[in-house]
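Undergrad: Here is the input, now give the coordinates:
(2 chains)
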Amino acid sequence: MIAREENGDVALEIAQLRHMRWASWLEGTTLVALVFIAVPLKHLAGHASATALMGPVHGMAFLLYVWMLIQTISSGDWSRAEIVRALIAAFVPFGGFVNERFLRRKQAALARTGRSGEDSWGISG
Amino acid sequence: MGYLWLKALHVAAALTWIGGLFAASLTLRGLSAPAGSRAPGEQRMIEGVRRWDRCATTPAMLLLWGLGMTMAVEAGWFAAPWLMIKLAFVLGLSALHAALSGTLRRVARRADRRPPAFLRYAAPAIVASVLAIAILAVVKPF
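TA: Numbers count the residues shown, from 1 in each chain, chains lettered A, B, ... in the order given. Okay, here's the model as predicted:
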């Protein structure tokens, strides 16, 4: 019974990391599209509509990523270094893709060991 | 889609979202002490609120963001100070929602997990934010 519950916990955490990877990839892709496609189109070709479209799209992707990051941090056991790293990744072009690989490794490690890590602020009973 | 339709759906999404925030915050606040024990039915209630958060509250927040951004772009409100202040409150509530949602998942997994102390003030913070948002959106004082 306890083993089944623990398996369920690990499955939940793996699902959360999978969603985070998706959000990280989306954030990274829209940032690259904004910086390397929309901004040059605006300044070099005079297409202001490119940034008018990509700006809000990236804004939404960024919000979703930060929202999911706060949710994941609140539900899991992340170290301070991991949190800072994930936050910085959101502000650097291609950082989202590097972060996605980090999350993939974390997900694979969790699936391999089946351990959700140490609790950083929970109170033991 | 016309402005009135956008506004109606935006308000409906906001009401659903705020209702879900109250449900999550009051559920976490009402968790029985001491850590390590659960009152009968408490685990089922946590699971129910978590499911509601995933199926209704979070989609309502995403809809709220999308509709709000569409209305602001179409109406050219992004330069208005009232919208900037309202956005700050909405982002604060969104961050609070993420913390509540993650904490619900955390306490659902293990009975020895307790919510962080700052979430005790989540419900009053939601009331204050909703009041500010309603005044800013309806009166548009700045």
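
Undergrad: Remind me which helix or strand B:A95 belongs to.
TA: Under the criterion of DSSP states H and E, B:A95 resides in helix B:81-109.

Undergrad: Buried ones in that helix, by neighbour count?
TA: Using 16 or more other C-beta atoms under 10 Å in any protein chain shown as the test for burial, helix B:81-109 gives B:83, B:85-87, B:89-90, B:93-94, B:96-109. C-betas here are computed from N, CA, C, even on glycine.

Undergrad: how close does the residue nearest to B:F78 when sequence neighbours are not counted sit to B:L87?
TA: The shortest distance from B:F78 to any non-neighbouring residue, by C-beta to C-beta, 6 or more residues apart in numbering or on different chains, is to B:A72 (5.6 Å). Separation of B:A72 from B:L87 (C-beta to C-beta, to the nearest Å): 9 Å.

Undergrad: sorry, back to before: just checking, next helix/strand downstream of the helix holding B:A95?
TA: Proceeding N to C from helix B:81-109, the next assigned helix or strand is helix B:122-139, under DSSP H and E.

Undergrad: and the buried residues of helix B:81-109 near chain A, which?
TA: Residues of the buried residues of helix B:81-109 in contact with chain A (C-beta under 8 Å from any C-beta of the partner chain): B:94, B:97-103, B:105-106, B:109.

Undergrad: So A:P93: helix, strand or coil?
TA: The assignment at A:P93 comes out as coil when based on DSSP: H, G, I helix; E, B strand; the rest coil.

Undergrad: does the residue positioned nearest the centre of chain B belong to a helix or a strand, and which?
TA: The centre of chain B sits closest to B:L21, judged by C-alpha atoms, centre = their mean, with a distance of 4.0 Å. Assigned by DSSP H and E, B:L21 belongs to helix B:3-29.

Undergrad: name the helices or strands packed onto whichever helix or strand comes after that helix?
TA: Next helix or strand after helix B:3-29 toward the C-terminus (DSSP H and E): helix B:42-52. Applying 3 or more C-beta pairs under 8 Å, 6 or more residues apart in numbering or on different chains; DSSP states H and E, one finds that helix B:42-52 contacts helix B:3-29, helix B:81-109.

Undergrad: sorry, back to before: spatially nearest residue to the residue nearest to the centre of chain B (excluding sequence neighbours)?
TA: Leaving aside its sequence neighbours, B:L21 sits nearest to B:I126 (C-beta to C-beta, 6+ apart; 5.3 Å).

Undergrad: tell me the contacts of that neighbour?
TA: B:I126 makes contact with B:18, B:21-22, B:25, B:93, B:96, according to C-beta atoms under 8 Å, 6 or more residues apart in numbering or on different chains.

Undergrad: make it 7 Å
TA: By C-beta atoms under 7 Å, 6 or more residues apart in numbering or on different chains, the contact list for B:I126 reads B:18, B:21-22, B:25, B:93.

Undergrad: and if you look at B:M61?
TA: B:17, B:94, B:97.

Undergrad: does the last one really touch B:L21, like I thought?
TA: By that I understand B:H97. Yes. If you go by C-beta atoms under 7 Å, B:H97 and B:L21 touch, sitting 5.7 Å apart.

Undergrad: Break down chain A into its strands, ranges please.
TA: Counting by DSSP state E, no segments of chain A form strands.

Undergrad: which helix is the longest one in it?
TA: Taking DSSP state H as the criterion, chain A has its longest helix at helix A:2-33.

Undergrad: Buried residues of that one, list them for me.
TA: Residues A:9-10, A:12-14, A:16-17, A:20-21, A:23-28, A:30-33 are the ones in helix A:2-33 that count as buried (16+ other C-beta under 10 Å).

Undergrad: Those residues also near chain B: which ones?
TA: A:9, A:12 (C-beta under 7 Å from any C-beta of the partner chain).

Undergrad: Provide the backbone phi and psi angles at B:G30.
TA: Dihedral pair for B:G30: phi -90, psi 0, per degrees, to the nearest 10.

Undergrad: ugh, typo on my part, it should be B:A39
TA: phi -70, psi 150.
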